[in-house]
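1. All I have is the shape, not the residue letters:
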């Protein structure tokens with residue numbers, strides 16, 4: 001008689017989840033570059049295979065990819081560090097001016113002004129000011145944490161590029177070793193299918209969203225230039241970058257543009273209209289362009305996407321918000337493979353086409 005396996009209790013599941021969350025936060029400095037590099041290697045799998053078909057060794061492909069990534073990061077930092085740093089330094093004064101304006105619309109941003117004051121004083125080193133607690137730097141505001149965590153972020157970027165080099169240069173070794181660990185042919189075939197599906201879905205999402213964000217950045221940069229804002233190209237770069245963070249990125253970018261607009265024109269209505277322009281463009285992108293290009297092949301539950309972004313923002317800060325959706329895509333592909341977990345995958349998003357043909361969950 002086969003031995004029956006005992007199902008875990010709800011208490012055991014809860015303890016496991018709590019320990020998992022603690023571990024994710026505790027080991028974030030190592031896990032963030034590790035996860036980013038692994039996702040990057042999956043995304044670059046088609047490029048790697050194309051290079052192999054052209055006779056280019058994996059080592060050369062890995063070097064070219066990592067070198068291009070490093071050069072792009074250096075150029076971006078060199079080009080936009082000064083205007084963005086100036087904007088960060090001037091932002092508290094802009095919000096204070098906005099708060100002191102006797103206008104009902106400006107008074108609605110009173111809480112934003114309080115946050116900016118706390119950020120300014122935290123950066124100045126005043127410890128007697130209560131501030132919002134975030135990961136990496138305790139008892140610091142969000143803006144202060146971005147400033148003080150720059151060396152950690154730089155180290156994570158370097159580690160990500162190094163790990164990405166080894167993963168890409170190893171070619172299909174990782175996938176082959178993973179397949180060899182499987183006990184039978186069915187499991188081996190399922191493993192290959194999982195890796196290929198994850199790479200395909202991530203490539204579709206990140207490739208499509210990058211092109212969409214690039215177009216959105218150009219459009220928003222032109223719109224801000226039409227409004228007469230200083231450094232409109234900077235707002236295009238900000239829009240391109242922040243739009244990788246669903247929902248939250250668009251709101252933050254629109255608020256930033258509105259504050260700069262108020263400081264430039266000194267009227268609340270100008271700030272409101274600039275905010276509306278930014279949000280209208282991102283809404284058109286989110287409601288029409290992205291669903292048309294991406295969502296026909298990849299549909300996720302919007303509520304789950306927002307919760308996932310908020311969760312990884314909590315445990316992994318800014319980087320967590322960027323890689324939250326790729327991790328959600330990977331989790332959905334993995335959950336799609338087993339009949340016992342397929343209902344969870346269906347909750348995360350629309351069923352995979354293959355499993356629709358198979359008749360759904362068993």
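-> Looks like it came in fine. As the structure is a computational prediction, the values presented were derived from the model and not from experiment.

2. From now on I want contacts and neighbour counts done on CA atoms only, so please keep to that.
-> Noted.

3. ok, residue 238 - how many residues close by?
-> For residue 238, the count of nearby residues is 22 (other Cα atoms under 10 Å).

4. for residue 303, same thing?
-> As a burial measure, residue 303 scores 10 neighbours (other Cα under 10 Å).

5. any idea how far it is from residue 173?
-> 37 Å (Cα to Cα, to the nearest Å).

6. Equivalent analysis for residue 309, please.
-> Distance, residue 309 to residue 173, by Cα to Cα: 32 Å.

7. for residue 246, helix, strand, or coil?
-> Put simply, residue 246 is coil when judged by DSSP: H, G, I helix; E, B strand; the rest coil.

8. Run a quick check on it versus residue 309, I expect a contact.
-> Yes: the pair residue 246 / residue 309 is scored as a contact, 7.5 Å apart, by Cα atoms under 8 Å.

9. ok, these two, which is more surrounded?
-> Neighbours were counted for residue 246 and for residue 309 using other Cα under 10 Å; residue 309 has more, 24 against 19.

10. and the more buried one, what pLDDT?
-> The model reports residue 309 with a pLDDT of 87.

11. can I assume it sits in a helix?
-> Yes: the assignment for residue 309 (three-state DSSP) places it in a helix.

12. check contacts around residue 43.
-> Applying Cα atoms under 8 Å, 6 or more residues apart in numbering to residue 43 gives the contacts 199-200, 202-203.

13. Skipping its backbone neighbours, what lies nearest residue 205 in space?
-> Among residues not flanking residue 205 along the chain, residue 294 sits closest, at 6.6 Å (Cα to Cα, 6 or more residues apart in numbering).

14. should've said residue 320
-> residue 312 (4.6 Å).

15. check which helix or strand covers that neighbour.
-> According to DSSP states H and E, residue 312 maps onto helix 302-336.

16. Show me which residues of the helix or strand following that helix are buried.
-> Heading C-terminal from helix 302-336, the first helix or strand you meet, by DSSP H and E, is helix 342-348. Across helix 342-348, burial judged by 16 or more other Cα atoms under 10 Å covers 342-343, 345-346, 348.

17. Looking at those residues, which is nearest residue 278?
-> Using Cα to Cα, residue 348 is the member of the buried residues of helix 342-348 that lies nearest residue 278, at 29.1 Å.

18. And that closest one, how far from residue 273?
-> Here residue 348 is placed at a distance of 36 Å from residue 273 (Cα to Cα).

19. What of residue 223?
-> Separation of residue 223 from residue 273 (Cα to Cα): 11 Å.

20. Between those two, tell me which one has more neighbours.
-> Shown here are residue 223 and residue 273; by other Cα under 10 Å, residue 223 has more neighbours (19 against 14).

21. before we move on, back to that, how many neighbours does the residue nearest to residue 320 have?
-> Residue 312, neighbours per other Cα under 10 Å, totals 21.

22. and if you look at the one 3 residues further on?
-> When neighbours are counted by other Cα under 10 Å, residue 315 registers 21.

23. Am I right that it is in contact with residue 23?
-> No: assessed by Cα under 8 Å, residue 315 is found out of contact with residue 23, at 9.9 Å.

24. And for residue 308, nearest residue in space, chain neighbours not counted?
-> residue 324 (6.1 Å).

25. Next one: residue 340 from residue 346, what distance?
-> Between residue 340 and residue 346 the computed distance is 11 Å (Cα to Cα).

26. And the helices in the stretch 101-250 of the chain?
-> Assigned by DSSP state H, counting those that start in this stretch, the stretch 101-250 of the chain shows helices spanning 104-107, 110-124, 142-148, 150-169, 173-180, 185-227, 232-242, 248-265.
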